[in-house]
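Chemist: Quick one: sequence and predicted model below, then my questions.
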Number of protein chains: 6
Amino acid sequence: MSQLTHFDDRGNARMVDITAKKETHRVAEARGEVVMAPATLQLIEQGGLAKGDVLGVARVAGIMAAKQTPALIPMAHPIMITGVNIDFRPVPPNLVEIRGIVKTEGKTGVEMEALTAVSAAALTIYDMCKAVDKSMVIQNIRLVHKSGGKSGDYVREGETRWEK
Amino acid sequence: MSQLTHFDDRGNARMVDITAKKETHRVAEARGEVVMAPATLQLIEQGGLAKGDVLGVARVAGIMAAKQTPALIPMAHPIMITGVNIDFRPVPPNLVEIRGIVKTEGKTGVEMEALTAVSAAALTIYDMCKAVDKSMVIQNIRLVHKSGGKSGDYVREGETRWEK
Amino acid sequence: MSQLTHFDDRGNARMVDITAKKETHRVAEARGEVVMAPATLQLIEQGGLAKGDVLGVARVAGIMAAKQTPALIPMAHPIMITGVNIDFRPVPPNLVEIRGIVKTEGKTGVEMEALTAVSAAALTIYDMCKAVDKSMVIQNIRLVHKSGGKSGDYVREGETRWEK
Amino acid sequence: MSQLTHFDDRGNARMVDITAKKETHRVAEARGEVVMAPATLQLIEQGGLAKGDVLGVARVAGIMAAKQTPALIPMAHPIMITGVNIDFRPVPPNLVEIRGIVKTEGKTGVEMEALTAVSAAALTIYDMCKAVDKSMVIQNIRLVHKSGGKSGDYVREGETRWEK
Amino acid sequence: MSQLTHFDDRGNARMVDITAKKETHRVAEARGEVVMAPATLQLIEQGGLAKGDVLGVARVAGIMAAKQTPALIPMAHPIMITGVNIDFRPVPPNLVEIRGIVKTEGKTGVEMEALTAVSAAALTIYDMCKAVDKSMVIQNIRLVHKSGGKSGDYVREGETRWEK
Amino acid sequence: MSQLTHFDDRGNARMVDITAKKETHRVAEARGEVVMAPATLQLIEQGGLAKGDVLGVARVAGIMAAKQTPALIPMAHPIMITGVNIDFRPVPPNLVEIRGIVKTEGKTGVEMEALTAVSAAALTIYDMCKAVDKSMVIQNIRLVHKSGGKSGDYVREGETRWEK
């Protein structure tokens, strides 16, 4: 197993030098979940129709957070993301699944952008529902897939595709 | 169960009006975990000594993210946080626990600040170790305790205090 | 007519000293409009139902921009806004009206926050519709009402209240 | 008339995927106006000489705001702008015209950057003069010209070139 | 000599808890210098009149940077600054002196805000003149005076007041 | 000596047009110093071992500030930095030297990013030690070396390489 590349040989943190890396088409998909009381999920599902669109606001938060990734994650490189999709899948009785897909053409991957987008969307769901349910839990934030770059593709085992 | 306060009676998202609320001393504690390969945890634990301080960088990221909360969470109020502590507890063989405590004297609580700080610290651990372990999972991000404000205290059941 | 207070007596720009001002309850309401092709307004109105919620995204943009005001307007003071509402009123055949109301309890007013929120909401409408209509015009961004503070209330003449 | 591209086929907002687009040289020019009391315009014009440079501060605000566009407009792509000019043209007795020109070599256009720069410059003029004139109105924010990219050039009808 | 308060008793960095501190009127004054070639200083001094106002732009940068201090300095508290003045004093043949004064009514001091403002103004002077002089040096960034708060006043020895 | 390129021929500030410049590999190295009481330096050196890692926090601050450069320096172009290293060298009895190296592949240089990173690291050292020593001085912030781009290399005279 290799060393942690974000440190030099004296153990000092650094932004890894990617100057010489090639620009390639890169995609990363992350997922996560918010577990909540069944009544909270019902409120969210009703809201999408008439009483307030929790997931619509969370989607905007996730997309905007993807762009803020280098300002939040100390060693992350600035990167010109070229596309973001955030999707939600309510899983009754008590779960909202979140999927974030981020794309770029650049020298480094967008895993952190996808994970940050999903985290911000989850936090926004928490924020908008916390008046009725403080016990929600954000869980299972994970990288599901990445492609592009020298290190090649990564596919997490045991994940299933979201059908539309 | 009450309505979602972040929407008006036509279902439009809003930043809830807290003008008339009193400034009180408020504290929130959130926790979360990063699950990883045992070899990754060993690298992190060694690094704290000599090869690169993953948790030291993640602590700074968490503290700075607490301050960025209103820029990330759309309906969150700007708030003058007056103290932040981020702590880590490696739990061999494969877990790092994260605890974030945020304080303020203000009109609204700091739950979102504590949850955002823990999330950013977890994402930073992922970022700094992803070269050796892409399968890490961020889980169990939750509010453990809050005090202050009109709605009173919240204590999550089943949580144990961290001894030093 | 008094001097421009944002300059000292040598003509150098400054952030005006408000240290000695009292904290009072303050409200500001700004409004503005986006003029567009009738077909564009139809797309927006349909979208609110099924094809994509332009105004929902613009509302989030406006609320978040209110919080960014001190980072955009050089001499604006940081201010702890305590509430934001952004509303839209489609006026067929070719207009969307925007209203932003911002509140605080602070030493200075929130006029700039309300005007910035309305501007950002208008720019977001432009952005989301520009693929079909580059000729949209943002117009009539104005302060409609403010209250609180030593200088007293301001009510713009000729404005009518929005009925719900 | 085509669909609104910022939504997918289920109506969910997204950052449009521009990964496959070519990097081309792109320019956008936006304009806008601030209408004010004649006495306010006189103060601004005097200030440029001796009593405080309102337009100089507004120019800096516009240039810096162009760089903040992706943080303000939710679906805007991050973009590496390569040049910004902000110019002002006082039109007695009661108007300041603003022109913003933004350039890039990138995968998407800089219309939003130009419109945001002009809006921020206008808001800054409002901020710096509001102590003497709260009735100012920001109007006629519009795209005047854009070139570059697959969709080709856009030239707004009825606009005249600014002579120096 | 006391401990470094930004660390807890295990040596972990933290944002110091100031919740219990009183809000008092606080002022901090910092100063610094940019040393440059005499020809560069001449360009700056001419520019203030006709060819481009380096110091006007640097003043705006300093004021805006004061507001960004908590986003730059990891352990700095968010603080509601209530006034900023940035002044420059060309000292022929080769020096520009910078003075930043920041005020607040708050629980902690504004020393970092004043020092950050002076640093950003100095960096901006460097940026705007670097095409003609890469050898400029920023030096002597220091706290000159602070008042307010429990720890009392600080006055740096050997400093002289700036006459207007 | 040439004109200041950050102004047009009427003396108005602008972001210089670099659209036509080639992307080349660029490196910039800046250095600076914090002068302090000998007892403060001792605390910092002890802290690196057990009582709190001042320089570790300052390194993170420097790396993150490099990414914020375009938001702080008004006329600086956004730039995709591809690597950052911040190093410290305690020089007993009373000095910490700071070195920042920034890399990119881009149309313009990274001198400002390197100088900003060093400045932010220095300010962070000041912040974390100011409880024990308010008299620290930041000095000698300077560009030591740059390479890449049309204007060619710059090497500051009289500088010595840091041996590891």
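Modeler: On my side now, so go ahead.
Chemist: Just the strands from chain A, written as ranges.
Modeler: Residue ranges of the strands in chain A, as given by DSSP state E, are A:24-35, A:81-91, A:95-106, A:137-147, A:154-155.
Chemist: Just say which of the ones you listed is most tucked in.
Modeler: strand A:95-106 (a mean of 24; mean count of other CB atoms under 10 Å in any protein chain shown). In short, each C-beta sits where N, CA and C put it, glycine included.
Chemist: just checking, what packs against that strand?
Modeler: strand A:24-35, helix A:38-46, helix A:54-72, strand A:81-91, helix A:111-129 (3 or more CB pairs under 8 Å, 6 or more residues apart in numbering or on different chains; DSSP states H and E).
Chemist: Could you save these as JSON lines and add columns showing distance to residue B:35 and mean pLDDT?
Modeler: Listed next are the helices and strands packed on strand A:95-106 as JSON lines, based on distance: least, CB to CB, whole Å; pLDDT from 0 to 100:
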{"stretch": "strand A:24-35", "distance to residue B:35": "13", "mean pLDDT": "97"}
{"stretch": "helix A:38-46", "distance to residue B:35": "25", "mean pLDDT": "92"}
{"stretch": "helix A:54-72", "distance to residue B:35": "21", "mean pLDDT": "97"}
{"stretch": "strand A:81-91", "distance to residue B:35": "21", "mean pLDDT": "96"}
{"stretch": "helix A:111-129", "distance to residue B:35": "14", "mean pLDDT": "97"}
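Chemist: Which of the ones you listed sits closest to chain E?
Modeler: helix A:54-72 (8.1 Å; CB to the nearest CB).
Chemist: Between strand A:81-91 and that closest one, find me the angle.
Modeler: 140 degrees (axes from the mean of the first three to the mean of the last three CA atoms, to 10 degrees).
Chemist: can you give me how far helix A:54-72 is from the chain middle?
Modeler: 9 Å (CA atoms, centre = their mean, to the nearest Å).
Chemist: how about the residues of chain A that lie near chain D?
Modeler: Counting by CB under 8 Å from any CB of the partner chain, the residues of chain A lying close to chain D are A:25, A:56, A:59-60, A:63-64, A:66-68, A:79-87, A:103-105, A:164.
Chemist: rerun at 7 Å
Modeler: Among all residues of chain A, those adjacent to chain D (criterion: CB under 7 Å from any CB of the partner chain) are A:25, A:59-60, A:63-64, A:67, A:80-85, A:87, A:103, A:105.
Chemist: show me what contacts the closest residue to chain C within chain A?
Modeler: Closest to chain C within chain A is residue A:60: 4.5 Å, counting by CB to the nearest CB. Contact analysis of residue A:60 by CB atoms under 7 Å, 6 or more residues apart in numbering or on different chains lists B:74, C:57, C:60, D:13, D:74.
Chemist: Got the confidence number for the last one?
Modeler: What that stands for is residue D:74. At residue D:74, the model reports a pLDDT of 97.
Chemist: Report the contact partners of it.
Modeler: A:60, A:63, A:64, C:57, C:60, C:61, C:124.
Chemist: Next, work out how far apart it and residue A:73 are.
Modeler: Separation of residue D:74 from residue A:73 (CB to CB, to the nearest Å): 20 Å.
Chemist: Minimum distance to chain D, which residue of chain A gives it?
Modeler: residue A:83 (3.4 Å).
Chemist: Tell me the pLDDT of the nearest residue to that residue once chain neighbours are set aside.
Modeler: Counting by CB to CB, 6 or more residues apart in numbering or on different chains, residue A:83 lies nearest to residue D:17, which is 3.4 Å off, once chain neighbours are set aside. The per-residue pLDDT reported for residue D:17 equals 94.
Chemist: who's in contact with residue D:17?
Modeler: So residue D:17 contacts A:82, A:83, A:103 (CB under 7 Å, 6+ apart).
Chemist: And the contacts of residue A:60, which two are furthest apart?
Modeler: Pairwise distances across the contacts of residue A:60 peak at 12.9 Å for B:74 and D:13 (criterion: CB to CB).
Chemist: what number of residues lie near residue A:92?
Modeler: Residues contacting residue A:92 under the criterion other CB atoms under 10 Å in any protein chain shown number 9.
Chemist: quick one: the nearest residue to it once chain neighbours are set aside from residue A:100, how far?
Modeler: Nearest residue to residue A:92 in three dimensions, chain neighbours excluded: residue A:41, at 6.4 Å (CB to CB, 6+ apart). Using CB to CB, residue A:41 is found at 20 Å from residue A:100.
Chemist: do the same with residue A:139
Modeler: Taken as CB to CB, the span from residue A:139 to residue A:100 is 15 Å.
Chemist: likewise residue A:36?
Modeler: When residue A:36 is compared with residue A:100 (using CB to CB), they lie 19 Å apart.
Chemist: thinking again about what came up before, farthest-separated two in the contacts of residue D:74?
Modeler: A:63 and C:124 (12.2 Å).
Chemist: what sits against the closest residue to residue A:63 other than its chain neighbours?
Modeler: What sits nearest to residue A:63 in space, not counting adjacent residues and going by CB to CB, 6+ apart, is residue A:84, at 4.8 Å. Contacts for residue A:84 were tallied using CB under 7 Å, 6+ apart; they are A:63, A:66, A:102, A:117, D:14, D:15.
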